[in-house]
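Novice: take a look and give me a structure for this.
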Amino acid sequence: MNKLIKMKTHILTAVIALIVFASCNQKANESDIPKGIIETFNSNFKGSTVESWEKENDGGYEAEFDLNGVETSATFSADGRLIETEQEIEKSALPSTISDYLNFNYAGKSIDEVAKITTGEGIVKYEVEIEKTDLIFDNKGNLSK
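Specialist: Residues are numbered from 1 along each chain as shown. Next comes the predicted model:
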């Protein structure tokens with residue numbers, strides 16, 4: 001009976017591992033990226049070279065690259081449309097309304113990352129990661145998530 005329980009445990013562990021692996025975004029070779037996505041990338045980020053591609057769960061792709069010395073990522077839909085661009089920025093580059101909000105609500109907390117997000121339609125948002133929690137603000141500094 002004990003061997004049966006161990007075998008079931010090993011099988012269950014293997015199944016869970018497969019589910020987790022299948023649900024994760026996966027690295028992709030540039031040769032696997034659809035031509036439309038490569039064309040959209042090249043027209044939007046002339047002169048930039050992709051450091052890595054990742055296939056998203058929804059069939060789209062994310063490119064990691066350096067844009068004018070700034071760590072940047074861009075997400076594309078499966079049909080090649082630019083969804084959003086995310087660039088790391090300094091905390092000092094945040095609008096004052098966001099800085100004021102953080103100083104009041106997260107005083108003494110460590111900010112892990114700050115980014116400016118621009119949608120394919122040109123809408124700007126800001127993302128602030130504090131202790132593994134992502135806060136999203138609109139371009140006026142209002143907390144949206």
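Novice: from memory residue 83 sits against residue 63, does it?
Specialist: No. Under the criterion of Cβ atoms under 8 Å, residue 83 is not in contact with residue 63, lying 11.3 Å apart. Bear in mind the C-beta positions are built from the backbone N, C-alpha and C, glycine included.
Novice: for these two, list the residues in contact with both.
Specialist: residue 76 (Cβ atoms under 8 Å, 6 or more residues apart in numbering).
Novice: in the longest strand that the chain contains, what counts as buried?
Specialist: Longest strand of the chain, by residue count under DSSP state E: strand 111-119. Neighbour-count burial for strand 111-119, with 16 or more other Cβ atoms under 10 Å as criterion, is recorded at 114-118.
Novice: over to stretch 44-56?
Specialist: So, applying 16+ other Cβ under 10 Å, buried residues of stretch 44-56: 45, 48, 50, 53-56.
Novice: for the chain, name the helix or strand with the lowest mean pLDDT.
Specialist: helix 2-23 (a mean of 40; mean pLDDT, DSSP states H and E).
Novice: check which element follows that helix along the chain.
Specialist: strand 26-28 (DSSP states H and E).
Novice: could you say what helices and strands the following helix or strand past that following strand packs with?
Specialist: As assigned by DSSP H and E, the chain's next helix or strand after strand 26-28 is helix 35-44. If you count contacts as 3 or more Cβ pairs under 8 Å, 6 or more residues apart in numbering; DSSP states H and E, helix 35-44 packs onto strand 70-76, strand 82-88.
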